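Colleague: structure for this input, please:
(chains A and B)
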Amino acid sequence: MSYRITGNTGEWEIVVGLEVHAQVVSEAKLFSGASAEYGGEPNTHVSLVDAGFPGMLPVLNQECVAQAVRTGLGLEAEINLFSRFDRKNYFYADLPTGYQISQFAHPIIGKGKVLVDLADGSTREIGVTRLHLEQDAGKSIHDQDPTRSFIDLNRAGVALMEIVSEPDIRSPEEAGAYLRKLRQILRYIGTCDGNMEEGSMRADVNVSVRKPGETDYRTRCEIKNVNSIRFVMMAIEVEAQRQIEIWEAGGTVDQETRLFDHVRSETRSLRSKEDAHDYRYFPDPDLLPLVIEQSWVDELKAALPELPEAKRARLEAEYGVSRYESSVLCVEQAIADFYETVARGADARLAANWMLGDFFAALNRTGRSIEDSPVSAEGLRELLGLISNSTINGKIAKEVLEDMVETGDSASVIVERKGLRQVTDTGAIESAIRDILAANNDKVEEYKSGKDKLFGFFVGQTMKAMKGKGNPALVNETLKKLLSE
Amino acid sequence: MSGIHDFTLASARDALKSRKISAVELTNAHIDAIERLDGQLNSFITRTPDQAREGAKVADEALAKGEGGRLCGIPLGIKDLFCTNGVRTTAASKILGNFVPPYESTVTANLLKDGAVFLGKLNLDEFAMGSANLNSAFGPAVNPWKRKDSDAKLVPGGSSGGSAAAVAAGLVLGATGTDTGGSIRQPAAFTGIAGIKPTYGRCSRFGTIAFASSLDQAGPMARNLQDCAILLESMAGFDPRDSTSVDTPVPNYEASLKRGVKGLRVGIPKEYHVEGMPAEIEALWQQGMNWLRDAGAEIVEVSLPHTKYGLPTYYIAALAEASSNLARYDGLRFGERVSAPSLDGLYEASRAAGFGEEVKRRILIGTHVLSSGYYDAYYLRAQKVRTLIQQDFLKAFENVDVLLTPTAPSGAFAQDEKPTDPVQMYLNDVFTVPASMAGVPALSVPAGLDARGVPLGLQLIGKFFDEETLIAAGHAIEQAAAFHHRPTIHAGVSA
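Modeller: Numbers count the residues shown, from 1 in each chain, chains lettered A, B, ... in the order given. Here you go, the predicted model:
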């Protein structure tokens, strides 16, 4: 169903385009040799080039170019063999040169696309207009002194990819799904860590509203620098609501730049169109046009890792997992790798069940990530093997997994130490059941007079008596036999 | 009688190698001359005698062992646009304050590596913007030449006016200059010395304070082309820190002096016969043609049809870049910060106080031509015309090897004759700007004196990276002109 907001005059459709700034994973900055690493003491990752010293010149970091091309390939986009760097001129204290080097007229990546999955199981294609490389600015710190501002240039000059979507997004959910998918692709390719808390991915959100059926776009507002997926979704909702109220009151929306305040759940005007900067873009004369070879692009393409869509399709085909399971397993490359290690040499469907269930629960509980999982993929595979060969049953396996998380011991060691091998001796099972039935004569009578539900009660009692170690199939079978005697 | 100040750079080099003279002696003689004469010339912004003596001592040690680079012990002056490690660098502006770079420009690093000794930093027009060296925050540099009939202070040309004055007066054996639209060639002509603007990309721009990045090019200034050739060989070369520097081998420029011009085709661009050009300039130009013809060259008329668009196009392209290049001087990191209640106020007050009039004028023009609504009409069109100007040269060079023109439309003028209309001042660059726009190399050699006894220069323009032919042709003019006049103010014995 299409997302609609109902106002006083009827339904409204929202139109959203996103400009995502993704920090490029690279050792050095876009035009200098200074470290691009996040954090560090203020002003310790700064070269003379970053600080805009007289006579300093930018030299393009080829690795950042490769990262942009890889990303473009991941977005199935046009790779422009000719692109160019422009200067975007404006004065600000954390911009030492007075201009940001960006690609305005000739971006390195052209049109591409992102396939997003929605909660109802449907898929939508969101167009990517372009991707270009640019420098990040430094950071101004205004809250440490009543009269002075401080500047940290560690980020100044770090490479960013600005990824601009078409205005194809029609709901907050789609915006969220787009960002998650984009982040997933960037992480797979290793071109951006997608860490929104550290600011390595942030979004400018362009929002407008219109009546369903209108073909033209109405005036949009740009909400700057939103730094979480949840906030992007919230900002779209409140901004759309604000614009609808203006239109419905007979007003017109002014094109402007706004800020999202998540505490008050509102957007506020930052500057109007009239106050918009005249950036005076022109080609940076310190840099030659960027010309790359198709053969190099082909090399990068050949070396690209398997991307989320392809991996998901393969997991479904190769391991027989469901579309839902494969999408969860493919959220991160490391999870998919972990799964495949478990699934090779184990029951692949059982492996998917366990990963999505008890294993993720254990990660959550311990606050660990897949990379530093307390249980290795090999360890989990061994545990699942013990289920498959009937050494333990599923219920016991859960207990064993908890023990593995706690002690780091292997599954077989724990099973032996705790004597958890399941009982398959029919004699022992029968004798346990007979004791239960004898102690619950009344229930046996009720069961026999038609209260079938009590069967579960008998199973539970039996398993309890056997400390969970009874082979469930044998317990069921024997119970049925004895109850029908 | 010949003395220490009669050395050229080349002869000093030879005397040092043969130990006829020590580097310390040579350096001390120049330091003395600077102390004696620079009060009149104001060619230095910063003097570095201690550093120079130290360098000379090290040079003597190397020379004693038969070692040392090609410039070992040669005292030079450095235009104060090149950043020099540990030595104040001003660009002749107040806005940089007492900025002391913690790094060395590639060009000066190359000179130091070859053993040169730096006597100090030379005066210029603020941020290399000017044609008379009247736009310096440290006062104007003065031309050591005087008119026969007057004691009026003449301008040394600009922007490398301090370099030109110091070389002409014998305060240094050679100097670095930078040329954006004529800033080496015009002052060389005004002071009776030689200067080369190499092909764009020949010398690294790393560490040289930028005026207009797509035009700025460092080059040598010295008393003759042999000296310039020796300096250029040291200054030039690929630098990975400058993306626009070109990776092509540096030839032996000094050797090209001996090539001669037999069979060389010399183009005379007809459009350079501009209206109102003084007859003596026309006559000198004709003289140049005759000299080259007599030396065996062939004179051919060529056309550079877009010449008349050179100046306006230059003043759009160069100033657009300058407006952006100078944005970093905002009062936050360098120079005097003028406090104000807001950040924008601080910028405005600091830049208003720190930049001189001409620099402000150029920033305003450059900002305007890049502004939304004007960009296409000015900047974009200028870029297109620039391509046409470049094509003019490429086409002309299909037919000729070098072009011969006057360097400037007049000789040096007096300080108080400075045109009140800035555009009139810009006309000084009319012959030098087109080669800059095209990026091709060009040089100026002294060729004679005007009626009032002030030197005039001839300009040669060459093909991309063909400085050698340029130097060969220039040397032919040098030999024919036999320019041995000396300025009124000179360290040595007057000729």
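Colleague: taking chain B, what residue is nearest to chain A?
Modeller: Nearest residue of chain B to chain A: B:Ala327, at 2.4 Å (C-beta to the nearest C-beta). Any C-beta I mention is one placed from the backbone N, CA and C, and that applies to glycine too.
Colleague: would you enumerate the residues in contact with that residue?
Modeller: If you count contacts by C-beta atoms under 8 Å, 6 or more residues apart in numbering or on different chains, B:Ala327 has them with A:89, A:91, A:97-99.
Colleague: B:Val117 now?
Modeller: Contacts for B:Val117 (C-beta under 8 Å, 6+ apart) come out as B:23, B:27, B:52, B:55-56, B:59, B:73-76.
Colleague: what is it paired to in the beta sheet?
Modeller: Beta-bridge partners recorded for B:Val117 (DSSP bridges): B:Pro75.
Colleague: can you pull the pLDDT of it?
Modeller: According to the prediction, B:Val117 has pLDDT 98.
Colleague: what about it, distance to A:Ile79?
Modeller: In this view, B:Val117 and A:Ile79 are 52 Å apart by C-beta to C-beta, to the nearest Å.
Colleague: over to A:Phe85?
Modeller: Taking C-beta to C-beta, one finds A:Phe85 at 17 Å from A:Ile79.
Colleague: next: B:Leu231.
Modeller: Going from B:Leu231 to A:Ile79 by C-beta to C-beta gives 45 Å.
Colleague: and what of A:Leu115?
Modeller: A:Leu115 is 19 Å from A:Ile79, by C-beta to C-beta.
Colleague: neighbour count for these two, which is higher?
Modeller: Neighbour totals were compared for A:Leu115 and A:Ile79, and A:Ile79 leads with 22 against 15 (other C-beta atoms under 10 Å in any protein chain shown).
Colleague: who's the more buried one bridged to?
Modeller: A:Ile109.
Colleague: tell me who's in contact with it.
Modeller: A:69, A:72-73, A:108-110, A:292, A:297.
Colleague: make TSV from those and add pLDDT and neighbour count to it.
Modeller: Below are these laid out as TSV (pLDDT from 0 to 100; neighbours: other C-beta atoms under 10 Å in any protein chain shown):
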residue	pLDDT	neighbour count
A:Val69	98	25
A:Gly72	98	29
A:Leu73	98	20
A:Ile108	98	27
A:Ile109	98	26
A:Gly110	98	17
A:Ile292	98	19
A:Val297	98	17
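Colleague: out of these, who's nearest A:Leu350?
Modeller: Minimum distance to A:Leu350 across those is 35.6 Å, recorded for A:Leu73 (C-beta to C-beta).
Colleague: skipping its backbone neighbours, what lies nearest A:Thr97 in space?
Modeller: Here the nearest residue to A:Thr97 in space, its sequence neighbours aside, is A:Gly52; by C-beta to C-beta, 6 or more residues apart in numbering or on different chains that works out to 3.9 Å.
Colleague: state whether A:Gly72 is indeed within a strand.
Modeller: No. Looking at A:Gly72 with DSSP: H, G, I helix; E, B strand; the rest coil, it is helix, so not inside a strand.
Colleague: state the distance from it to A:Glu166.
Modeller: 16 Å.
Colleague: quick check, pLDDT for B:Ala62.
Modeller: 97.
Colleague: now do A:Lys273
Modeller: 75.
Colleague: neighbours around residue 146, how many?
Modeller: Went with chain A since none was named. Other residues close to A:Pro146 by other C-beta under 10 Å number 5.
Colleague: actually it's chain B I care about, not the one you picked
Modeller: B:Lys146: 20 neighbours (other C-beta under 10 Å).
Colleague: hmm, back to that, export the contacts of B:Val117 as CSV, with columns for distance to B:Ser136.
Modeller: Below are these laid out as CSV (distance: C-beta to C-beta, whole Å):
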residue, distance to B:Ser136
B:Ala23, 30
B:Thr27, 26
B:Ala52, 22
B:Gly55, 26
B:Ala56, 28
B:Ala59, 31
B:Gly73, 30
B:Ile74, 26
B:Pro75, 23
B:Leu76, 20
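Colleague: with distance to B:Arg362, pLDDT and neighbour count added, can I get those residues in TSV?
Modeller: Listed next are the contacts of B:Val117 as TSV, based on distance: C-beta to C-beta, whole Å; pLDDT from 0 to 100; neighbours: other C-beta atoms under 10 Å in any protein chain shown:
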residue	distance to B:Arg362	pLDDT	neighbour count
B:Ala23	41	98	28
B:Thr27	37	98	25
B:Ala52	34	98	24
B:Gly55	36	98	24
B:Ala56	39	98	26
B:Ala59	40	98	27
B:Gly73	39	98	29
B:Ile74	35	98	32
B:Pro75	33	98	29
B:Leu76	29	98	30
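Colleague: just those residues: which are in helices?
Modeller: B:23, B:27, B:52, B:55-56, B:59 (DSSP state H).
Colleague: B:Gly356: what's it in contact with?
Modeller: Applying C-beta under 8 Å, 6+ apart, we find B:Gly356 in contact with B:93-94, B:126, B:135, B:137.
Colleague: do A:Val158 as well
Modeller: A:23-24, A:29-30, A:36, A:135-136.
Colleague: which of those residues count as buried?
Modeller: A:23-24, A:29-30, A:36, A:135-136 (16 or more other C-beta atoms under 10 Å in any protein chain shown).
Colleague: make CSV from the residues you listed and add pLDDT and distance to chain B to it.
Modeller: Listed next are those as CSV, based on pLDDT from 0 to 100; distance: C-beta to the nearest C-beta, whole Å:
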residue, pLDDT, distance to chain B
A:Gln23, 97, 23
A:Val24, 97, 19
A:Lys29, 98, 14
A:Leu30, 98, 13
A:Ala36, 94, 19
A:Gln135, 97, 14
A:Asp136, 96, 17
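Colleague: need those in JSON lines (columns: distance to A:Ile151 and secondary structure).
Modeller: Formatted as JSON lines, the buried ones among the contacts of A:Val158 follow (distance: C-beta to C-beta, whole Å; DSSP: H, G, I helix; E, B strand; the rest coil):
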{"residue": "A:Gln23", "distance to A:Ile151": "19", "secondary structure": "strand"}
{"residue": "A:Val24", "distance to A:Ile151": "22", "secondary structure": "coil"}
{"residue": "A:Lys29", "distance to A:Ile151": "16", "secondary structure": "coil"}
{"residue": "A:Leu30", "distance to A:Ile151": "19", "secondary structure": "coil"}
{"residue": "A:Ala36", "distance to A:Ile151": "18", "secondary structure": "coil"}
{"residue": "A:Gln135", "distance to A:Ile151": "15", "secondary structure": "strand"}
{"residue": "A:Asp136", "distance to A:Ile151": "14", "secondary structure": "coil"}
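Colleague: now, which of the residues you listed sits nearest B:Glu275?
Modeller: A:Gln135 (47.8 Å).
Colleague: pretty sure that closest one contacts A:Leu153?
Modeller: No. Taking contacts as C-beta atoms under 8 Å, A:Gln135 lies outside contact range of A:Leu153: 11.4 Å.
Colleague: among the contacts of B:Ala327, show me the least confident.
Modeller: Within the contacts of B:Ala327, pLDDT reaches its minimum at A:Phe91, with 94.
Colleague: ok, now how distant is the nearest residue to A:Pro289 once chain neighbours are set aside from A:Leu60?
Modeller: Counting by C-beta to C-beta, 6+ apart, A:Arg84 is the residue found nearest to A:Pro289 once chain neighbours are left out, at 4.7 Å. To A:Leu60, A:Arg84 is 11 Å away according to C-beta to C-beta.
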